[in-house]
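Participant: Here is my input; please provide its structure:
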Amino acid sequence: MSNKIHLYPTPPHECTYLGDRLATTVFLDPNLPELTAVYDRLSLYGFRRSGHHIYRHDCKNCKECLSVRIPVQEFVHRRSQRRVWRKNEDLTVSLVSPVFKSEHFDLYCRYQNSRHEGGGMDNPTPKSYIEFLSSNWSRTGFYEFRLDEQLLAIAVVDRVKTGLSAVYTFFDPDYSARSLGAYAILWEIEEAKLMNLDNLYLGFWIKDCQKMSYKMQYQPLEYYSQGKWQKQIKK
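Facilitator: Residues are numbered from 1 along each chain as shown. You can find the predicted model right below:
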C-alpha cells in the first residue's frame with residue numbers, strides 16, 4: 001500500500017452539530033485501491049466510514065469534534081450499565097451479511113421517523129439506506145438483536161485492524177425502555193473482547209453537543225487529538 005494518501009476537503013458548510021459554526025470535512029478518493037487496508041490504517045488517526053467514503057472533520061476555526069474509542073480491556077461497567085445488560089439478557093444476537101432485507105429496512109424507517117424526523121435522514125429509500133450503511137470493500141456486519149423471532153435492533157459494525165467500529169445502530173422505538181442503543185454498545189464491547197481486539201471506535205464526540213453526551217458514560221474513553229490518542233477526562 002502506498003504511503004501517499006490524498007485528502008479532499010469540502011467547502012465550509014453549516015455544522016450539523018454546532019449550528020453557529022462552519023465545518024469542513026476531508027474525504028479520501030473512494031476509488032483508491034486497497035481501501036480496506038487504508039481504512040485499517042486511518043482508523044488509528046480518527047477517520048470514519050460512511051457508505052463507501054472514509055472521512056474526518058477538519059474545521060479551520062474549531063477543534064471541538066473529537067474521534068473517540070473505548071479501550072475494551074479496561075472498560076468497567078457502571079451500575080446503570082449492569083442493569084441495562086440484565087434487562088436484555090433474553091435477547092439473541094446473530095451476525096448477518098450487510099445486504100438489503102425488507103425487515104431491516106422497515107425497522108430503520110420506523111426508527112428514523114421516531115427519532116430523527118426532519119433531521120435529513122428521514123424518508124429514506126432502499127438505495128440510500130444500504131448505501132449509507134454498507135460498502136463493497138469494508139469488513140462490515142449487521143448484528144441482529146431479537147426477542148424470540150421479533151427483530152428489535154440492528155447494530156452495523158465494521159471490523160478494523162485494532163478493533164470494532166460502531167457505524168450505526170437503529171432499534172424499535174416501541175422498546176425504548178430496554179435502552180437498546182446502550183445495550184448494543186455494551187454488547188459490542190464484549191464482542192471485541194471475545195475477538196481479542198483492543199478498541200471499540202464510537203465515532204465523534206463534541207463536549208457541547210447533548211446528542212453525543214451518552215458516549216461519556218463509557219469509561220475509560222480515549223480521544224484523538226494532536227496526533228495521538230489520549231484519555232478522556234471523566235465528567
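Participant: Check which helix or strand residue 188 maps to.
Facilitator: Using DSSP states H and E, residue 188 sits within helix 180-194.
Participant: how about residue 201, phi and psi?
Facilitator: phi -80, psi 130 (degrees, to the nearest 10).
Participant: So what sits opposite it in the bridge?
Facilitator: Note on residue 201: beta-bridge partners residue 69, residue 165, judged by DSSP bridges.
Participant: just how off-centre is the helix holding residue 188 within its chain?
Facilitator: On the basis of Cα atoms, centre = their mean, to the nearest Å, helix 180-194 is displaced by 12 Å from the centre of the chain it belongs to.
Participant: what packs against it?
Facilitator: In terms of contacts (3 or more Cβ pairs under 8 Å, 6 or more residues apart in numbering; DSSP states H and E), helix 180-194 is packed against helix 79-87, strand 140-147, strand 150-160, strand 163-171, strand 199-205. Just so you know, the C-beta spots here come from the backbone N, C-alpha and C atoms, and that holds for glycine as well.
Participant: Kindly present the ones you listed as JSON lines, with separate columns for distance to residue 49, mean pLDDT and mean neighbour count.
Facilitator: Putting these into JSON lines (distance: least, Cβ to Cβ, whole Å; pLDDT from 0 to 100; neighbours: other Cβ atoms under 10 Å) gives the following:
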{"stretch": "helix 79-87", "distance to residue 49": "26", "mean pLDDT": "98", "mean neighbour count": "13"}
{"stretch": "strand 140-147", "distance to residue 49": "8", "mean pLDDT": "98", "mean neighbour count": "18"}
{"stretch": "strand 150-160", "distance to residue 49": "6", "mean pLDDT": "98", "mean neighbour count": "21"}
{"stretch": "strand 163-171", "distance to residue 49": "7", "mean pLDDT": "98", "mean neighbour count": "23"}
{"stretch": "strand 199-205", "distance to residue 49": "10", "mean pLDDT": "96", "mean neighbour count": "22"}
